[in-house]
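>>> Starting from these lines, generate the structure:
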Amino acid sequence: MAEKRHSTIIIVPHAHGKVYKLHLSPVVLKALVVIGIVTGILTIVSLAGSSSFLQQRAAYRSLQRENKQLKKTNQRLAETVSQVQSRLTQFEQRTKSLALAAGIPDLLVSQLDAPRNGPGSGGPSNRLDIEPETLVRRQEALDQHLEQVEHKLSEQAVMLSHTPVLAPVVGVIMDGFGPRLHPITRQPDFHEGLDISAAIGTPVAVPADGIVVFADRETGYGKVVKVNHGYGFTTLYAHLDRFSVKPGQKVTRGQLIARVGLTGRTSGPHLHYEVWKDGERQNPLHYILDAY
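A predicted model of the protein is given here:
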């Protein structure tokens, strides 16, 4: 019978201590070796997994901090965008009001297709519902409409400055516009203007900007001044004492152009004043805004 081979492990705790001997059979020794190898492999795998977990956990925490910071930044941006949108809406409404005042009610501020559920406030994967490009397009459209309104208002301002809206002289209306009996011939007549009684030498002011086209005598009217105001308007001033302007001269609203007189066919000192629009006589009272 063959003698079984054993392995012996001797343990000496210290120099004078008791010696321990462990007798291991080949099977047990192999089992211990296998267990050691498996334990080593598991330890290595465990250490590798632990290192990977720690790295992933650190990355997760970093992403959490970044996400919180992005949320704060996104919220501040959302508040800014909301304020800009509110201001743009106010300007658009004011532009509409100005367009109505300028007489162009069909001019409506373009409302671009923008979401109405408000800006988002999420993390890095959530975008703002209102894109900056949308606000830029609205601003560009608003600029264009404001330019149109400004142009229209400028045109109206120029037109108004050339519209005879002031009384040319301070006095009392002796005779109005329309059918009447002529004060001298006592025959039916159509009076083409206003007769405003005033003392000789009373200043006569032009009621709107324009160019003097006539300053001379005219049969029946005596000394006469005519002013072309543009936009179809012409005014006439008759029975004057003297002129303060000459043909071709530019005049501005309120400028002295003559003095009340007693020239031509008249029963007393007064100013005969006419307003013509597009070649047709008008009732001057329909234009005078500051008197009568």
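>>> show me what contacts residue 234?
By C-beta atoms under 8 Å, 6 or more residues apart in numbering, the contact list for residue 234 reads 213, 226, 227, 228, 275, 276. (Each C-beta comes from the backbone N, C-alpha and C, glycine too.)
>>> Just the pLDDT for residue 234.
On pLDDT, residue 234 comes in at 97.
>>> where's it, which helix or strand?
strand 233-243 (DSSP states H and E).
>>> Now do residue 26, the pLDDT please.
pLDDT, read off for residue 26, is 75.
>>> what's the burial count for it?
For residue 26, the count of nearby residues is 11 (other C-beta atoms under 10 Å).
>>> and residue 224, that's in a strand?
Yes. Judged by DSSP: H, G, I helix; E, B strand; the rest coil, residue 224 forms part of a strand.
>>> and the gap between the residue nearest to the spatial centre of the chain and residue 157?
By C-alpha atoms, centre = their mean, the chain has its centre lying nearest to residue 91, at 4.4 Å. Remark: distance between residue 91 and residue 157 (C-beta to C-beta, to the nearest Å) = 22 Å.
>>> what do you get for residue 255?
Relative to residue 157, residue 255 is positioned 18 Å away (C-beta to C-beta).
>>> Who has more neighbours out of these two?
residue 255 (14 against 10).
>>> partners of the residue nearest to residue 241 when sequence neighbours are not counted in the sheet?
Excluding its sequence neighbours, the residue lying closest to residue 241 (C-beta to C-beta, 6 or more residues apart in numbering) is residue 261, at 2.8 Å. Per DSSP bridges, the residues bridged to residue 261 are residue 270.
>>> contacting residues around residue 261?
Here residue 261 is in contact with 200, 222, 223, 239, 240, 241, 242, 269 (C-beta under 8 Å, 6+ apart).
>>> Is the second one bridged to anything, and to what?
With DSSP bridges applied, the residues forming beta bridges to residue 222 are residue 218.
>>> can you count the residues close to residue 276?
Quick note: residue 276 (other C-beta under 10 Å) scores 20 neighbours.
>>> Would you confirm that it contacts residue 228?
No. Using C-beta atoms under 8 Å, residue 276 makes no contact with residue 228, being 9.6 Å away.
>>> Show me what the strand or helix carrying residue 99 is packed against.
Taking DSSP H and E as the criterion, residue 99 maps to helix 26-101. Using 3 or more C-beta pairs under 8 Å, 6 or more residues apart in numbering; DSSP states H and E, the elements in contact with helix 26-101 are helix 132-161.
>>> Next, the angle from the helix it packs on to strand 233-243.
40 degrees (axes from the mean of the first three to the mean of the last three C-alpha atoms, to 10 degrees).
>>> what about the helix or strand following helix 132-161, distance to the chain center?
Next in sequence after helix 132-161, counting helices and strands by DSSP H and E, comes strand 172-175. Distance of strand 172-175 from its chain centroid, counting by C-alpha atoms, centre = their mean, to the nearest Å, is 49 Å.
>>> Can I get strand 172-175 in PDB? Just the C-alpha atoms.
The C-alpha coordinates for strand 172-175 follow below in PDB (Å, rounded to 0.1, in the frame of the first residue of the first chain):
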ATOM      1  CA  VAL A 172     -65.100 141.300 -36.200                       C
ATOM      2  CA  ILE A 173     -66.700 139.300 -39.000                       C
ATOM      3  CA  MET A 174     -68.900 141.700 -41.000                       C
ATOM      4  CA  ASP A 175     -69.900 139.200 -43.800                       C
END
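>>> re earlier: put the buried members of the contacts of residue 261 into a ChimeraX selection.
Buried residues among those (16 or more other C-beta atoms under 10 Å), as a ChimeraX selection:
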select :222,223,239,240,241,269
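>>> Closest one of the contacts of residue 261 to residue 206?
residue 240 (12.7 Å; C-beta to C-beta).
>>> What pLDDT does the model give that closest one?
In this model, residue 240 carries a pLDDT of 97.
>>> circling back to that earlier point, quick one: pLDDT of the residue nearest to residue 241?
96.
>>> Let me know the distance separating it from residue 194.
16 Å.
>>> Also residue 98?
Distance from residue 98 to residue 194, by C-beta to C-beta: 36 Å.
>>> ok, the two, which is more surrounded?
Neighbour tally, residue 98 and residue 194, criterion other C-beta under 10 Å: the higher count belongs to residue 194, 25 against 18.
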